[in-house]
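Novice: next come a sequence and a model predicted from it.
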Amino acid sequence: MQEFLLILKGDGMDGLAPEELQRLLANYKGWVQELGDQYLAGQRLQSSGALIRDQENILTDGPFLEPKEIIAGYFLIRALDLEAAIAIAQSSPHAPYYQIEVRPLVQPLMH
C-alpha cells in the first residue's frame, strides 16, 4: 500500500446552505467508515494564512490565489496504486464540489 494526498481545490462549500453542509458531513462520515484503514487523516483549511515568497516577503492579507486554485482541505489515504487512489477520490462526497488533486507521497530514503 502507498500513501496519497488528496488535495481539495476551490471554494465548493462556500455557497452551501446549512442543511446541505449537514448532509455533506453525514456523507463524509459514512465515506470515512467505508474506507476504514485506508483513511489516515483529513481536514478543511481556513482561508486565512500567510504566503512566504522569500525570507523577507511575507503576505498575510490574501487571498493569494484565484478561488478555483484555493486549497480548501486535504485527505491522506492509503491505496494500492494511483488508479485505486483516483477511484477513492472519485467516491468522495466532496467530488461534486471540488477539484481533487491526487498526489502520491514519496517514501523516505532509508540510510
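Specialist: Ah, there it is. Note that the structure is predicted; figures quoted are calculated from it, not measured.
Novice: which residue ranges form the helices in the protein?
Specialist: Taking DSSP state H as the criterion, the chain carries its helices at 18-35, 82-91.
Novice: for the residue most central in space within the chain, give me its contacts.
Specialist: Residue closest to the average C-alpha location in the chain (Cα atoms, centre = their mean): Tyr74, at 2.2 Å. With contact set as Cβ atoms under 8 Å, 6 or more residues apart in numbering, Tyr74 has these partners: 5-8, 41-43, 45. All C-beta atoms are positioned from the backbone trio N, CA, C, and that covers glycine.
Novice: switch the cut-off to 6 Å
Specialist: Listed by Cβ atoms under 6 Å, 6 or more residues apart in numbering, the contact partners of Tyr74 are 5, 7.
Novice: just the helices of the chain: most buried one?
Specialist: Compared across those, helix 82-91 shows the largest average neighbour count, a mean of 15 (mean count of other Cβ atoms under 10 Å).
Novice: surely Tyr39 meets Gly30?
Specialist: No. Under the criterion of Cβ atoms under 6 Å, Tyr39 makes no contact with Gly30, lying 11.6 Å away.
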